[in-house]
Structure formats: structure tokens, C-alpha cells
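# Show me how the following folds:
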Amino acid sequence: MSAGTSKKVAVIGFGNMGSGVVEALYEKGVPGLELTRVVDIDLETPRPVTVPASYLSTDWHQAVNDPAIDIIVELIGGIEPAGSIISEALRNGKDVVTANKMLLAHKGQEIFSLAADLHRRIGFRASFVGCHALIHEFQQAGVAAKSYRRIYAILNGTSNYILSTMTREGKSFEQALKEAQEKGLAETDPSDDVDGIDTANKIRILLGLITNSYRTVQAFPIEGIRNITAQDIRYAVELGYSIKLVGVIEQNEGRFNVAVHPALVPQTSLLGTLEGAYNGTELEDEYGVVSGFVAPGAGVYPTTDAIVKDLLNIAGGESLPMPSSAEELSLGSTEAAERRYYLRFSAVDQAGVLARISDIFWKHDISIAAVIQKEAVSRDFVPLVMTTHLAREGNLQEAVKRVDRMEVVRAETRVIRILNADT
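Sure thing, here's the model as predicted:
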């Protein structure tokens, strides 16, 4: 593509990510792309990259309404005004590139349907920085070209760093979180990361991609990692597992089991070996073929790389993977989901306790796979660790409620799901 036919680009949002994109487009230069405007409400704060004053503006309307601009890069985050920026850009005949996973997860139905109606393109690789190769996979195969049996994904680098640190160094959640914050890997308020919200946003987008549907999916279970203890991590390691925060999509006869929660995964699996702030995705297709993707989960330059790839696809006239159907997705019953479980009870050390707990589980059709009784860590109780064979979630939760009401149980039972490739 010659310089005369370069696509003109406006970047809206001149923070860390925006600075990386501006540096790539303006200082380094990308053939086929020409940066013409940079928008931010704050133009006084020094940036690592400098552009001519004529490029700068505090009014995003100027960029969105400029007929000379072909592509808008939205990097301000949040729901508004990001949603209005993207919608108006599409209506004005522009394509859009965004890293805004929160917006796409919650307002994707409106945005993708508008793009489909107007025959515009939205690039959102940067919303999956850690696994944007996954987006490329869909681009190569065609959106929803395959029917995936399952997708297990670590999609939040902050949580994976915290859990990896707890595993490697025996630190508590609070200690590992503080270290992540000191290294700039966790925000001052880490709620979106450690409570599973960020992972859930990405799972919503991913579900839309594999089903080619932009309909907003109904609520699904979301559980974070605040309650994971160094004790549970030690016991998991003894059993041959790592504890990870995992986004789950499982398909059975057109219905989807979707959730975000901590899980025990085999130490030797792709997800089990991921350390630090890395992200990874493990997919099993309709033929039983398993593949995986691993990449850094965050950072200015990985984000910039993902954004530039989308820009180049648009500049080259290529199609982008983007849900275009209004088909409503059907989620399976959470209570009917079947899997294996790790359970840690805090029970009084006396004869017959294990038999009573086992009897409750037997009555709820739950088969116990293994039992480990640990040495007492308190005068009041001893840890009792169990793993189960496949069991219905509803049965498991009812059994645990009954166990927790026993007078010999001193604390709420810890339940963590086990994700094996065959379950």
C-alpha cells in the first residue's frame, strides 16, 4: 500500500496504552497507516512520545466527525463516553479498533449489531492481549467455523501472578497481592482482577465469537481468588494440581456451561504450567483435538502489537472476526453441571466424623475419590481434604450445606472445582 493510500488514524486516549500506539504509528511508522489526530482530556501530563500540537485535541467529536479520518482507535476504557465514541464513529463510516473489554462485554449487542448493519469493522484483539493469537485462529478458520467442546482459559495476568507467587513462595493472598501492586501488576483497587470480573468480561466476548452471536449472555457464576489460601495451594500441589483462576466455556448439544472460578488443574497441563502474569487458553474442538495459546497477559507493547495488527487488517481490506448474529445463546443449568471437586473441611478430631461426612455425600450421590487427613493446625479442628469423582453441582452444594451444619464442623467448607481434560 503506497503512502498516498494510507489509512488515516485517530487515537482517542493518550494514556499508557495510547502512548504506545502513538509511538508505533508516529515515531516508528507503520506502512499503510498514518496518524493524524490524538485526543485526550489531559494534554498537560508529559508523555514518553511527543507529537506536533496540531495533532492534539481535547474534543473527541473532532476526530469522529472528521471525514478525512478512516479509523478510530478507542483507548479510554469504561462504558461512557467510549460507547458513544464508537457508535458515532461507525455511523460516520469509520472502522474502529478498541481494547475496551468492559464495553464489549456489556454493550456488545448494540455495538456489533450497529457495525453489522453499517458494514463496518471492529478490531478488538487488544481486549485479549494475553491470547490475541486466539482471535487470529478464528480469523483463519472463520468465525464459528468449528464447534468447540470446551475452552478453559487463564485470562487475567494479575490473578495468575498472585496465585503463582503463593504457590512458589508460600505467601498469603494479601502478601502476594501487595507484591503485585508494588511491581505495577495490580491496581490500587484490584477488584476487577481478583474478583473475576475482568476474566468474565473476556469470557463473554469469547463466547460471542465462537457462537457468532452478539446477544448479551445471561448472568453466569463468577468467583474470584480472595479466599484461596496457602494451605489449599499446598494440598493441591500434593495432589498433583495447581490452583488457577479459570474462565470456563463447555458445550453440550448446543447448551453452554459458562463460569469463572478458581480451579485445580493438572500441574503438567498447559494452564497448570503458566507462571507469573502470563495468560493461556486451552481449547478442545468438536473432533477432540486440543490446542493452546500462551502469551504475556498485559503490558503496553503487547497491547500496541494487538492494536497495530487490527489496524493493518483493516488497512489491507481484510475481514475481522466479529460476531454478526442476533441468535440468543442458551446456558445450561449451573446446578446440572458435572465435574470433580476438591473439598477442605475443618472438623473436630474425633472418631466417626469422616464416616458421618461420607454418609451425607453418599446420600447425595457423590462418590469420594480420595481422602487426606492433615495434622491439626488448631486445637479446635483438623483439616480434612477430599476429592470427588464426577458429581452434579447442585448435589454437591446441598451436601456441603448439610456438612457445614454439623456440630463437629468448625468452619465453612472450602470448595474448589477440579478441571481435567476428561471432565
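# alpha carbons only for contacts and neighbour counts from here, please
Will do.
# so what's M17 closest to, chain neighbours aside?
Using CA to CA, 6 or more residues apart in numbering and skipping the chain neighbours, the partner closest in space to M17 is V300 (5.3 Å).
# correct me, but the one you found touches V22?
No. Between V300 and V22 there is no contact under CA atoms under 8 Å: 11.3 Å.
# Regarding the chain, what is its longest helix?
Scanning the chain for the longest helix, with DSSP state H as the assignment, gives helix 101-118.
# Can you tell me the strand partners of the helix or strand following that helix and which way each runs?
Proceeding N to C from helix 101-118, the next assigned helix or strand is strand 122-123, under DSSP states H and E. Next to strand 122-123 in the sheet, as set by DSSP bridges, lie strand 95-98 (parallel).
# Can you give the distance from the partner strand to the centre of its chain?
In this view, strand 95-98 has its centroid 20 Å away from the chain centroid, taken as CA atoms, centre = their mean, to the nearest Å.
# Just the mean pLDDT for it, thanks.
Taken as a whole, strand 95-98 has an average pLDDT of 97.
# again with stretch 252-268
The average pLDDT within stretch 252-268 is 93.
# Any idea which helix or strand in the chain has the lowest mean pLDDT?
Of all helical and strand segments in the chain, the minimum by mean pLDDT, DSSP states H and E falls on helix 132-141, at a mean of 66.
# Next secondary structure after that helix?
Remark: after helix 132-141, the chain's next helix or strand is strand 148-154, criterion DSSP H and E.
# Name the next helix or strand downstream of that next one, please.
Downstream of strand 148-154 (by DSSP H and E), the next one is helix 157-169.
# outside of that next one, which residues touch it?
For helix 157-169, contacts defined as CA atoms under 8 Å, 6 or more residues apart in numbering pick out 130, 154, 171-173, 176-177, 180, 185-186, 193-194, 225, 230, 233-234, 242-245, 274-279, 296-298.
# Check which residues of that helix are buried.
By 16 or more other CA atoms under 10 Å, the buried positions in helix 157-169 come out as G157, T158, S159, N160, Y161, I162, L163, S164, T165, M166, T167.
# Could you do stretch 256-274 as well?
For stretch 256-274, the neighbour count (16+ other CA under 10 Å) marks 256-267, 270-272, 274 as buried.
# what about the residue nearest to R121 when sequence neighbours are not counted, neighbour count?
Spatial nearest neighbour of R121, excluding adjacent residues (CA to CA, 6+ apart): D95 at 5.1 Å. A count of nearby residues for D95, using other CA atoms under 10 Å, gives 24.
# Look up phi and psi at the residue nearest to M17.
In this entry, V300 is assigned phi and psi values of phi -60, psi -50 (degrees, to the nearest 10).
# tell me the contacts of N313?
S319, L320.
# part of a helix, is it?
Yes. Assigned with DSSP: H, G, I helix; E, B strand; the rest coil, N313 falls within a helix.
# returning to what we had before: distance of the residue nearest to R121 from G316?
Distance, D95 to G316, using CA to CA, to the nearest Å: 13 Å.
# list residues touching both of those two?
Contacts common to D95 and G316, judged by CA under 8 Å, 6+ apart, are absent.
# With adjacent residues omitted, what lies nearest to L271?
Excluding the flanking residues, the one nearest L271 by CA to CA, 6+ apart is G280, at 6.3 Å.
# Report pLDDT for that neighbour.
On the pLDDT scale, G280 is placed at 92.
# Let me see the ranges of the strands in the stretch 201-350 of the chain.
For the stretch 201-350 of the chain, applying DSSP state E, counting those that start in this stretch gives strands covering 241-252, 255-266, 278-285, 290-296, 338-347.
# how about a markdown table for those, with distance to K363 added?
As requested, those are exported to a markdown table (distance: least, CA to CA, whole Å):
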| stretch | distance to K363 |
| --- | --- |
| strand 241-252 | 27 |
| strand 255-266 | 25 |
| strand 278-285 | 34 |
| strand 290-296 | 36 |
| strand 338-347 | 17 |
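# Ok, which of those comes nearest L329?
Evaluated over these, closeness to L329 peaks at strand 255-266, with 7.7 Å, by CA to CA.
# Give me the ChimeraX select line for the contacts of helix 157-169, limited to the buried ones.
Command for ChimeraX, covering only those of the contacts of helix 157-169 found buried under the criterion 16+ other CA under 10 Å:
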select :130,154,171,172,173,176,177,180,185,186,193,194,225,230,233,234,242,243,244,245,274,275,276,277,278,279,296,297,298
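# Which members of the contacts of helix 157-169 are positioned in helices?
Going by DSSP H, the helices hold F173, A176, L177, A180, D193, V194, A230, I233, R234 from those.
# For these, work out which two are farthest apart.
Pairwise distances across those peak at 22.9 Å for D193 and R234 (criterion: CA to CA).
# Show me the domain layout of this protein.
3-123, 148-297, 337-418 (automatic domain parsing).
# Please produce TSV containing those domains, extended by distance to L134.
TSV is the format used below for these (distance: least, CA to CA, whole Å):
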stretch	distance to L134
domain 3-123	13
domain 148-297	7
domain 337-418	24
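# And those: which comes nearest A326?
Among those, domain 148-297 sits nearest to A326 (CA to CA), with 5.6 Å.
# what's the neighbour count on N252?
N252, neighbours per other CA under 10 Å, totals 11.
# Perfect, that will be all.
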